[in-house]
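[1] structure of the sequence below:
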Amino acid sequence: MFTALLLTAPGTPLDPVLAENLRSAWGGTALDWLAPNEAVEFEIPALPDNRWAVWADLQASRVDMVIQPTANRRKRMLLADMDSTMIEQECIDELAAEAGVGPRVAEITKRAMNGELDFEGALIERVGLLKDLDEGVIAKVLAERITHMPGGRALIATMKANGSHAALVSGGFTAFTEKVAGDLGFHEHRANTLLAEGGKLTGKVARPILGREAKVQALNEITARLGITPAEVIAVGDGANDLGMLGLAGTGVALHAKPVVAEQCEVRVNHGDLTALLYVQGYRKEMFTI
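    Now for the predicted structure:
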């Protein structure tokens, strides 16, 4: 059996007639509302041949649809990217704005996240442009420019309350993941380290650089330590350097992702917030821990 889930962004009503018509067309079980007017699911016996055509039609109505095997939906670990996933910004772009090289760095970031540039080379180039930036700017950016993606705190708290492990793994920097992980309640975090001397950034990043393969390595290492398998992980990200972990995890979620990333993922969330990952696992809204 498969479960078809329809969801919208919080505050955007989901048309029950639309959901009922789709359920009927696919011979599904009765509608089961996980959240009134926001998330509904039903079981179907097989994957519909027209599911991606229907998905595209629903996108025009700002509705996300996820179809997945009904069994083993609830996961024991969350592995999350940080930039443009758990936070609404790219931390290196925000540092670059303070350094006066914002547009140049943002363009490199965009191309790297789209998979047009080698991640490691792009990171080295961008960090080089931050040379001599006052190290204290990091705290300023964290305080004034960084905001959490909606739904993140509820996602982590709810999964932790149900015995799951939460790990933040980023191609960004430990100076940011430490704060974000602490604020949102992650058990652990991994990222790159910006090097500084005399209170100034050196324009270099510590080696080895954490990129696509390091995220896969983190997934394998953490699951082995916990005594679980990658199939028991839900991973979420938006950039090309997330594709490895998204493909390896039992459920890989492309969240508000670049097109090159979304098209390679079965689970795509373009309109819902991070609580969509709870609905994907079958949690009901009354089960959310906030």
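
[2] packing partners of the host helix or strand of residue 110?
    Assigned by DSSP states H and E, residue 110 falls within helix 102-113. Applying 3 or more CB pairs under 8 Å, 6 or more residues apart in numbering; DSSP states H and E, one finds that helix 102-113 contacts helix 91-99, helix 119-128. Using the backbone N, CA and C atoms, a C-beta is placed for each residue, glycine as well.

[3] okay, those helices, which one's buried deepest?
    helix 91-99 (a mean of 23; mean count of other CB atoms under 10 Å).

[4] go through the chain and flag its longest strand.
    For the chain, the longest strand by residue count, based on DSSP state E, is strand 165-173.

[5] which neighbours does that strand have in its sheet, and in what orientation?
    strand 77-80 (parallel), strand 188-192 (parallel) (DSSP bridges).

[6] now mean neighbour count, distance to residue 57 and mean pLDDT too, for those strands, in a markdown table please.
    A markdown table is the format used below for the strands paired with strand 165-173 (neighbours: other CB atoms under 10 Å; distance: least, CB to CB, whole Å; pLDDT from 0 to 100):
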| stretch | mean neighbour count | distance to residue 57 | mean pLDDT |
| --- | --- | --- | --- |
| strand 77-80 | 26 | 29 | 98 |
| strand 188-192 | 21 | 39 | 97 |
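
[7] turn the ones you listed into TSV, columns for distance to residue 171.
    Formatted as TSV, those follow (distance: least, CB to CB, whole Å):
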stretch	distance to residue 171
strand 77-80	12
strand 188-192	7
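
[8] how about these, which one is nearest residue 249?
    Nearest of the strands paired with strand 165-173 to residue 249, taken as CB to CB: strand 77-80 at 6.5 Å.

[9] just the CA trace of that closest one, in CSV.
    The C-alpha coordinates for strand 77-80 follow below in CSV (Å, rounded to 0.1, in the frame of the first residue of the first chain):
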residue,chain,number,x,y,z
MET,A,77,16.6,10.2,12.9
LEU,A,78,16.5,13.7,11.3
LEU,A,79,19.5,14.8,9.3
ALA,A,80,19.1,18.4,8.2
